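Novice: Below: sequence and its predicted model.
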Amino acid sequence: MSYNDVILLLGSNINNPEKNIEIALEKIENQTGSILTKSKLILTKPVEFESYNNFCNIAIKLKTQFSPIKLLSELKAIEKNMGRTSDSADLGVYQDRVIDIDIILYNNIKFSSKRLIIPHQKNLYERDFARELINEVK
């Protein structure tokens, strides 16, 4: 079986964000693959929307057997299971969230579909905090 190296970025800004990240990491490891490395956990202000709730963010490097779409489906199921009721992509706007899990890099591939674009352009090139965390686990 072949394995894929994936970098994920997680964020949470409501209902005990640090605990949400901890729970999400456990679910990711139990349901999708092995976490190889983790960045430090940082607090950031919301990006592209107004909120009084700061985000807790972390990047991880994951080893998985899942394809990009299968991995996305599993991550969306984790988000939903943790209480995320709507997705920014569906709403067209950002809002406070229990958990957000983004696929940033998947091996060295470029992938594009209606549901998923890899690499994740905003987090790689437009958000300094994200780039810093991603560089820690590359």
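Specialist: Arrived safely.

Novice: what residues are up against residue 2?
Specialist: Residues near residue 2 by CB atoms under 8 Å, 6 or more residues apart in numbering: residue 65. Placement of C-beta: from N, CA and C, glycine included.

Novice: Provide the secondary structure category for it.
Specialist: coil (DSSP: H, G, I helix; E, B strand; the rest coil).

Novice: In which helix or strand does the residue nearest to residue 113 when sequence neighbours are not counted reside?
Specialist: Excluding the flanking residues, the one nearest residue 113 by CB to CB, 6 or more residues apart in numbering is residue 69, at 7.1 Å. Residue 69 is part of helix 68-81 when elements are defined by DSSP states H and E.

Novice: by contact count, what packs against that helix?
Specialist: If you count contacts as 3 or more CB pairs under 8 Å, 6 or more residues apart in numbering; DSSP states H and E, helix 68-81 packs onto helix 17-31, strand 100-106.

Novice: Could you give me the buried positions within it?
Specialist: Neighbour counts using 16 or more other CB atoms under 10 Å place 68, 71-72, 74-75, 78-79 of helix 68-81 among the buried residues.

Novice: host element of residue 50?
Specialist: Using DSSP H and E, no helix or strand contains residue 50.

Novice: got it, and the one 10 residues further on?
Specialist: With elements delineated by DSSP H and E, residue 60 resides in strand 55-64, which encompasses its position.

Novice: Give me the number of neighbouring residues for residue 100.
Specialist: Using other CB atoms under 10 Å, residue 100 has 20 other residues around it.

Novice: residues near the closest residue to it other than its chain neighbours, how many?
Specialist: Counting by CB to CB, 6+ apart, residue 11 is the residue found nearest to residue 100 once chain neighbours are left out, at 4.6 Å. Residue 11: 25 surrounding residues under other CB under 10 Å.

Novice: which ones are touching residue 130?
Specialist: 9, 57, 59, 104, 122-124.

Novice: Which of the three states applies to it?
Specialist: Per three-state DSSP, the local secondary structure of residue 130 is helix.

Novice: Next one: it, what pLDDT does it get?
Specialist: You'll see residue 130 listed with a pLDDT of 96.
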